[in-house]
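>>> could you look at this predicted model? Sequence included:
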Amino acid sequence: NNFLDKINKFNLGSCVNYLGVVTGNEKNQLLSNADLFVLPTNYINEGQPVSIIEAMAFETAVIATRYRSIVDMIDEGIEGLFVEYGNSQSIADEIRKIIINPKLLKSMQSAAKKRFLNEFTKQLHLRQMEKLFF
């Protein structure tokens with residue numbers, strides 16, 4: 001409710017569309033149409049966000065906070081950019097950096113997909129698990 005109240009307070013209804021929880025085909029469709037995924041988190045139960053892995057699988061550049069394992073998932077300026085938690089100006093600055101430099105966006109998108117394929121596929125995960133158990 002706090003989020004929705006702020007959308008109304010700042011008259012952002014024309015440019016912010018809150019979708020709530022999305023799953024399955026709807027989530028895949030949103031990610032496949034996205035250029036950029038933003039996750040400015042410090043959520044206590046967040047470790048290695050699957051949402052970032054999913055975004056990278058869809059060749060989407062990432063903006064996130066330097067929180068827990070996120071720093072091991074993204075190289076700054078390669079697959080994405082980092083922002084300061086709780087600093088909306090930091091988020092706006094990094095989005096602006098990407099808007100004015102479409103070559104940077106394309107480069108990060110390609111690198112994100114490459115990193116996903118090299119580190120985060122289901123097959124790679126299962127191979128790592130096999131090494132642990134066998």
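Thanks, I have the structure now. This structure is a prediction, so every number in the text was calculated from the model and none was measured. Numbers count the residues shown, from 1 in each chain.

>>> please enumerate the strands of the chain.
Remark: strands assigned in the chain by DSSP state E are 36-39, 61-65, 80-83.

>>> count the neighbours of Ile98 for me.
17 (other C-beta atoms under 10 Å). In short, each C-beta sits where N, CA and C put it, glycine included.

>>> name all residues that make contact with it.
Applying C-beta atoms under 8 Å, 6 or more residues apart in numbering, we find Ile98 in contact with Leu36, Ala61, Ile63, Leu81, Leu104, Leu105, Met108.

>>> same question for Val83.
Pro40, Ile63, Ala64, Thr65, Ser90, Ile91, Asp93, Glu94.

>>> can you tell me how far it sits from Ala55?
For Val83, the distance to Ala55 equals 15 Å [C-beta to C-beta, to the nearest Å].

>>> ok, Val22 next?
In terms of C-beta to C-beta, Val22 sits 13 Å off from Ala55.

>>> same question for Leu19.
Applying C-beta to C-beta, the value for Leu19 to Ala55 is 15 Å.

>>> the more surrounded of those two?
Applying other C-beta under 10 Å to Leu19 and Ala55 shows that Ala55 carries more neighbours, namely 26 against 8.

>>> quick one on the thing from earlier: JSON lines for the contacts of Val83, including pLDDT and distance to Glu130?
Converted to JSON lines, those look like this (pLDDT from 0 to 100; distance: C-beta to C-beta, whole Å):
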{"residue": "Pro40", "pLDDT": "95", "distance to Glu130": "35"}
{"residue": "Ile63", "pLDDT": "98", "distance to Glu130": "34"}
{"residue": "Ala64", "pLDDT": "98", "distance to Glu130": "30"}
{"residue": "Thr65", "pLDDT": "97", "distance to Glu130": "33"}
{"residue": "Ser90", "pLDDT": "97", "distance to Glu130": "41"}
{"residue": "Ile91", "pLDDT": "96", "distance to Glu130": "40"}
{"residue": "Asp93", "pLDDT": "97", "distance to Glu130": "43"}
{"residue": "Glu94", "pLDDT": "97", "distance to Glu130": "38"}
